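Enquirer: Model the following, please.
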Amino acid sequence: MFDDELPRAKRLTITPGEDISALAVADLRERIETLNDEIVRAEAMIAHKEDKLGAAEAFFKKA
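Expert: The predicted model follows:
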């Protein structure tokens, strides 16, 4: 694999409310993409945990 094939590293930390006025348009778009990716990840974890909770509740209601 060549270096130009490696995915760009995303920004490691985003602090809500931080000053973003100095960021370039490309940086702002990348920030939005990072935040959207994190939303998708959080929603997937919620779904996973709700599934596990539902399965546990169903199991213990039958007993």
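
Enquirer: shaky segments in the protein?
Expert: Applying pLDDT under 70 to the chain flags the ranges 1-12, 62-63.

Enquirer: Against residue 59, how distant is the most centrally placed residue in it?
Expert: The chain has residue 38 as the residue nearest its centroid, 1.4 Å off, counting by CA atoms, centre = their mean. According to CB to CB, to the nearest Å, residue 38 and residue 59 sit 32 Å apart. Backbone N, C-alpha and C define where each C-beta goes, glycine included.

Enquirer: Could you do residue 50 as well?
Expert: 15 Å.

Enquirer: Determine the number of other residues adjacent to residue 35.
Expert: 13 (other CB atoms under 10 Å).

Enquirer: Which residues lie in contact with the closest residue to it other than its chain neighbours in this structure?
Expert: Distance criterion CB to CB, 6 or more residues apart in numbering; nearest residue to residue 35, sequence neighbours excluded, is residue 14 at 6.7 Å. Shown in contact with residue 14 (CB atoms under 8 Å, 6 or more residues apart in numbering): 31, 34, 35.

Enquirer: from those, which is closest to residue 43?
Expert: residue 35 (12.6 Å; CB to CB).

Enquirer: Which of the helices or strands spans the closest one?
Expert: Assessed by DSSP states H and E, residue 35 sits inside helix 25-62.

Enquirer: what does residue 13 give?
Expert: Per DSSP H and E: nothing holds residue 13, as it lies in no helix or strand.

Enquirer: ok, it to residue 34 distance?
Expert: Using CB to CB, which is the criterion applied here, residue 13 is 10 Å from residue 34.

Enquirer: do residue 18 as well
Expert: Counting by CB to CB - residue 18 and residue 34 are separated by 13 Å.
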